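# Sequence and predicted model, in that order:
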Amino acid sequence: MNDDFQVDEKLIEAFHLMFDHFPEGVQLAHKSKRVVALNAACKSLGREVGMICAKHGPAEAHKGCLAHKTIKNHVASWKKGTEPGPGGQEPVAFWLPVDGYPDFFIHFGIGYMKDYSLPSDTE
């Protein structure tokens, strides 16, 4: 895949406005699966801007990735995780298209990093 692409700074700014405080890892990626932005929770997992997300961690963790489906059809995709998350909850991974930016998608999961049966630790 060709990694010669430009990223609109407005897209990166909007990503950070929306997801910097999200409690789970969130990344903005190009259809080549190159990460162009991520939040602090995603950084804590070892992801970095510029890396190919599909090369992070074991290959089996990326089995069933729905990024291409999301890009092709420009519709949200999701699937349940195979391993229980914290507190035994069933995690779900999401891939979201980005209106106006057909070559980019947002990827995140719910229930992978936090136990949502417990209240947040903010007061």
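Cool, got the structure. Residues are numbered from 1 along each chain as shown.
# make it CA atoms for all contacts and neighbour counts henceforth
OK.
# nearest spatial neighbour of the spatially most central residue of the chain, skipping sequence neighbours?
With distances taken as Cα atoms, centre = their mean, the residue of the chain nearest its centroid is His107 (2.3 Å). Using Cα to Cα, 6 or more residues apart in numbering and skipping residues adjacent in sequence, the residue nearest His107 is Trp95, 4.6 Å away.
# What pairs with the helix or strand hosting that neighbour, parallel or antiparallel?
Assigned by DSSP states H and E, Trp95 falls within strand 92-97. Using DSSP bridges, strand 92-97 pairs in its sheet with strand 77-80 (antiparallel), strand 104-110 (antiparallel).
# what about the residue nearest to His107, how many residues close to it?
26 (other Cα atoms under 10 Å).
# Could you measure from it over to Ser120?
Relative to Ser120, Trp95 is positioned 25 Å away (Cα to Cα, to the nearest Å).
# again with Pro102
From Pro102 to Ser120 the distance is 35 Å (Cα to Cα).
# And for Pro91?
17 Å.
# Among these two, which residue is more densely surrounded?
Between Pro91 and Ser120, counted using other Cα under 10 Å, the more crowded position is Pro91 (20 against 10).
# This completes my enquiry, with thanks.
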